[in-house]
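Asker: what shape does this take:
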Amino acid sequence: MSNNAYFTNKVCVITGAGSGIGRALAENLAARGAKLALSDIDAEGLAQTVASCEKLGAQVKSDRLNVAERESFLLYADQVKAHFGVVHQIYNNAGIAYHGDVVKTEFKDIERIMDVDFWGVVNGTKAFLPMLIESGDGHVVNVSSLFGLVAVPGQAAYNSAKFAVRGFTEALFQEMKVAKAPVQVTCVHPGGIKTAVARNATYAEGMDGAGAATLFDKYLAIHSPEMAAQTITEGVRKGHARVLIGWEAKVLDAGVRLLASGYSRISAVVNGRFMPH
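Answerer: Now for the predicted structure:
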């Protein structure tokens, strides 16, 4: 079987498809012959993704969706199933960013990040999992982050959501194995990807958001969304339980394993010296 044949005529659902990794995933899967159900809260960006995927010959269903709205997500899943008749893969990719120390962060800011970055993943998984099982060849792909492997100051809300995605996804992986269900599960941990996530992030009062975004874009956004999408789809094709994107994700993951809780002290020193406050 060729690399593309694995995805040919598979119905793939992608949230956050209006830009960044989500758009690159949609285009990658379109080129591989998949049928696509694409959603985003950004209708304009979503329309651009749909146009590029249709140019690649993909059959596309497009919907504006806020992944934090559970009832809307459940209804959306039913509509996708009714449209295509079957669903094979869900890529829970939608996410937002926030930067702020805990002492300066409002409860509502943490709740907003958890609603989108964690509950959005749970909503998508729960909405589509019965359909994936029914397909006989399902796959859940949940996008965590490098910050689902390592915690850093100023990212407590984001770390909480992404660590939660990791735990949820790894538990689901085991449950599907125990149940001998026809569903594979993959947790994705991107490193520094060139997307608009930093520029679109919200910040605690008094923080230099523009400076932090510029720093991320200049020094930390190393890899293209297309590289990330290719790494993800190859990991899915090979049935990997965990996909790390970028050398920095692999190095930091290894460092955390080696240093255990001691990594936190090193991270505090490094971030205290180099990161803007």
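
Asker: going forward, measure contacts between C-alpha atoms and count neighbours the same way
Answerer: Noted.

Asker: what's the helix or strand that contains Ser72 packed up against?
Answerer: For Ser72, the host element (DSSP states H and E) is helix 70-84. In terms of contacts (3 or more CA pairs under 8 Å, 6 or more residues apart in numbering; DSSP states H and E), helix 70-84 is packed against helix 119-135.

Asker: give the buried residues for the helix it packs on.
Answerer: The neighbour-count check on helix 119-135 (16 or more other CA atoms under 10 Å) flags 119-125, 127-129, 131-135 as buried.

Asker: re earlier: list the buried residues for the helix holding Ser72?
Answerer: Applying 16+ other CA under 10 Å to helix 70-84 flags Arg70, Phe73, Leu74, Tyr76, Ala77, Val80 as buried.

Asker: ok now it, how far from the chain's centre?
Answerer: Relative to the chain's own centre, helix 70-84 is displaced by 20 Å; criterion: CA atoms, centre = their mean, to the nearest Å.

Asker: now stretch 75-93
Answerer: 17 Å.

Asker: possible to save the buried residues of helix 70-84 as a markdown table with pLDDT?
Answerer: Output for the buried residues of helix 70-84, formatted as a markdown table (pLDDT from 0 to 100):
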| residue | pLDDT |
| --- | --- |
| Arg70 | 98 |
| Phe73 | 98 |
| Leu74 | 98 |
| Tyr76 | 98 |
| Ala77 | 98 |
| Val80 | 98 |
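
Asker: out of these, who's nearest Lys108?
Answerer: Arg70 (18.2 Å; CA to CA).

Asker: what sits against that closest one?
Answerer: Contact analysis of Arg70 by CA atoms under 8 Å, 6 or more residues apart in numbering lists Gly120, Asn123.

Asker: at 7 Å what do you get?
Answerer: Asn123 (CA atoms under 7 Å, 6 or more residues apart in numbering).

Asker: I figured Asp117 hits Gly95, correct?
Answerer: Yes - using CA atoms under 7 Å, Asp117 makes contact with Gly95 at a distance of 4.9 Å.

Asker: which of those two has more neighbours?
Answerer: Asp117 (28 against 23; other CA atoms under 10 Å).

Asker: how about the strands of the chain, start to end?
Answerer: 11-14, 35-40, 60-64, 89-92, 98-99, 138-143, 183-190, 202-203, 242-245 (DSSP state E).

Asker: so what strands line up beside the fifth one?
Answerer: This means strand 98-99. Note on strand 98-99: by DSSP bridges, its sheet partners are strand 202-203 (parallel).

Asker: neighbours around Gly85, how many?
Answerer: 12.

Asker: how about Ile41, phi and psi?
Answerer: Taking degrees, to the nearest 10, you get phi -80, psi -20 for the backbone angles of Ile41.

Asker: gap between it and Val121?
Answerer: 15 Å (CA to CA, to the nearest Å).

Asker: now Val236
Answerer: 17 Å.

Asker: where does pLDDT dip in the stretch 101-250 of the chain?
Answerer: 194-201, 203-204, 206-221 (pLDDT under 70).

Asker: switch the cut-off to 50
Answerer: 213, 219 (pLDDT under 50).

Asker: what about Ala268, neighbour count?
Answerer: 13.

Asker: wait, Cys12 touches Asn92, no?
Answerer: No - taking CA under 7 Å as the definition, Cys12 is not a contact partner of Asn92, at 10.7 Å.

Asker: relative to His99, how far out is the residue lying closest to Gly33 once chain neighbours are set aside?
Answerer: Among residues not flanking Gly33 along the chain, Thr8 sits closest, at 4.3 Å (CA to CA, 6 or more residues apart in numbering). Noted for Thr8: a distance of 40 Å to His99, by CA to CA.

Asker: what's the longest helix belonging to the chain packed up against?
Answerer: Using DSSP state H, we find that the single longest helix of the chain is helix 156-179. Contacts defined by 3 or more CA pairs under 7 Å, 6 or more residues apart in numbering; DSSP states H and E place helix 156-179 against helix 107-113, strand 183-190.
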